[in-house]
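Enquirer: What follows is a predicted structure for the sequence shown.
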Amino acid sequence: VSVYDGNGNVVASQIMSHSDILFPEASQYILTFQARVPSLGMTTYFINASSATSRGRSAAASMQWESVPVNKPVSLQHGDWELSFDVTGRLSNILNRVNAISLPIQHDILYYNASVGNNLSSQASGAYIFRPNSSEPFEYVPRDQPLSLEIAVGPICSLARLTWVKGEIGETFRLCLSSDAVEVVSHVGPLSINSGEGREVISRFSTNLNADETLYTDANGQEMQKRIYNYRPTWKLNVTEPVAGNYYPLNALSYLQDMDDGRTFTVLTDRSEGVSSIHNGEMEVMIHRRLLVDDARGVGEPLNETGQPNSGDSQEGLIVYPLHLLQIESKESAALHYRTQALRLAHPLQLYFSQQQSADEYRQSCHVEWNVTSDLPANLHILNFRVLSDSEYLLRFTHLFAIGEDAELSKPVTFDMQQLLPTGKWKSCAQYQLSAVEEASKVNRLHWNTDLSADVLAKRSGTQLRESFLITLDPMETVTLICVVETAQ
């Protein structure tokens, strides 16, 4: 197999046999290469399935898994990252080679047994309620027992594969060139319920960070919220559930930050989960649940999803493959990296495939690369760009950073909208409500006594752009515009 860009240049690539831990829906082989796509645009790559012999050096590099001997520590280095695994095969250290920040870390996959009610409360753990029957999770594998560890090294990405419970629990760490995060894909399920108890599985990262019993979580992907163990900022907390009472929603990312040196450990997720920091410098993420008792909160059945596709067993529990990205950064650079990675996770590249029989045939009938605009400022994102008619467009811009997150990128950003029409010209733009139902200037809102300046209040009342098409966004601000062009594009 060989990979070529739109101009016919060879693109470095690698191929390996299918890993059901890394990509469950993949076919027999996995092909990996680096793609570069222009802003608000598309690009084309050609994959040639001819033999390696006929293509010589242009063929994708072949990768194989190699087992690591028991009781032997090993390191995996690739691109900007280095992972260390101890004599039991578990992750023990992460090194960011760009900024030379190292973080000793102990990683475990553990589980809570679900409560079915006790003498303190009849409340069971279920679809709406998380309530374990103990304050400490249980080990799948005792800490002193080794895990199965395999390594695969390639020119684009290198991988480490851990097996905790064969056929039930495993994970793959992946390091890739030009990546500012360590990828971790877990294989969880079908969860065993032979003990007669529901099971709630966590991925736990224990670090040496002095986080002052504080965890930060996102609010629906927007501003970060400070979470202090056994504390609420607006009332005195009576702790009756030491674990569940310290769990919070994790929609995009969560991080721990050292109070002394500012080292920041961030976990980003591809799905909504629960997260907590039960012990100082520790983060645990809920990655799967299988329960046997209804929590009596409206569902009317236990959270016991069965019928794994192609398993042949209608009672077998589901398998999930959560993706987490790990980052180790300084306090000053953390927001830049976690905001851009969160954006990539929320808005992945869209893939399309052609039925043309050859690259030459495709080039004759299609553009191989195209884009609307040059690169946007690093703190600005086009949330929507929708065609309403031949000359009318709906656009939503959002500022990616919150106040104080980054010394430069948290400042207001100004953008010339004319860059979005390199061959045309805007006639007018009007600011609308966020939902684009009504012009912002026509909305009659209640007036509150605030400390906001007159300029800020005037800006929020709506903007008409007719001559200069510069827009300015403050931190975390989202603006909806409906714009008309002089000539249809």
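Expert: Arrived safely.

Enquirer: Now do stretch 477-489: everything it contacts.
Expert: Stretch 477-489 has contacts (CB atoms under 8 Å, 6 or more residues apart in numbering) with 383, 388, 390-399, 417, 421, 423-436, 465, 471, 473. C-betas here are computed from N, CA, C, even on glycine.

Enquirer: Buried residues of that stretch, list them for me.
Expert: Within stretch 477-489, the residues that count as buried by 16 or more other CB atoms under 10 Å are Val479, Thr480, Leu481, Ile482, Cys483, Val485.

Enquirer: among the contacts of stretch 477-489, which are in strands?
Expert: Counting by DSSP state E, the contacts of stretch 477-489 place 383, 392-399, 426-432, 465, 471, 473 in strands.

Enquirer: Now list the buried members of these.
Expert: Looks like those have 393, 395-399, 426, 429-432, 465, 471, 473 buried, using 16+ other CB under 10 Å.

Enquirer: Could you count how many residues lie near Ala35?
Expert: The number of residues packed near Ala35 is 12, by other CB atoms under 10 Å.

Enquirer: what's the answer for Phe130, then?
Expert: Neighbour count for Phe130, taken as other CB under 10 Å: 22.

Enquirer: hang on, it packs against Tyr247?
Expert: Yes. Counting by CB atoms under 8 Å, Phe130 touches Tyr247, with 6.0 Å between them.

Enquirer: intersection of neighbour lists for the two?
Expert: In contact with both Phe130 and Tyr247: Gly274, Met286, using CB under 8 Å, 6+ apart.

Enquirer: Okay, buried residues for stretch 226-243 please.
Expert: Buried residues in stretch 226-243, counted by 16+ other CB under 10 Å: Arg227, Tyr229, Glu241, Val243.

Enquirer: Show me where this structure dips below the pLDDT cut-off.
Expert: Across the chain, the ranges flagged by pLDDT under 70 are 18-27, 50-58, 308-314, 422-423, 452-467, 487-489.

Enquirer: ok, longest helix in it?
Expert: Counting residues, the longest helix in the chain under DSSP state H turns out to be helix 334-346.

Enquirer: now the helix or strand just after that one, how far from the chain's geometric center?
Expert: Using DSSP states H and E, the helix or strand that follows helix 334-346 towards the C-terminus is helix 359-365. With CA atoms, centre = their mean, to the nearest Å as the basis, helix 359-365 stands 36 Å off its chain's centre.

Enquirer: Run through the neighbouring helices and strands of helix 359-365.
Expert: With contacts taken as 3 or more CB pairs under 8 Å, 6 or more residues apart in numbering; DSSP states H and E, helix 359-365 sits against no other helix or strand.

Enquirer: can you list contacts of it?
Expert: Tyr4, Gly6, Gly8, Thr44, Phe46, Ser354, Gln356, Val368.

Enquirer: The same query, at a cut-off of 7 Å, please.
Expert: Tyr4, Gly8, Phe46, Ser354, Gln356 (CB atoms under 7 Å, 6 or more residues apart in numbering).

Enquirer: secondary structure element for the first one?
Expert: Element membership of Tyr4 [criterion: DSSP H and E] is strand 2-5.

Enquirer: if we can go back for a sec, now, which of the buried residues of stretch 477-489 sits nearest Ser75?
Expert: Among the buried residues of stretch 477-489, Val479 lies closest to Ser75 (CB to CB), at 47.1 Å.

Enquirer: Give the helix, strand or coil label for that closest one.
Expert: Here Val479 is recorded as strand under DSSP: H, G, I helix; E, B strand; the rest coil.

Enquirer: Which residues does it form beta bridges with?
Expert: Listed by DSSP bridges, the beta-bridge partners for Val479 are Phe397.
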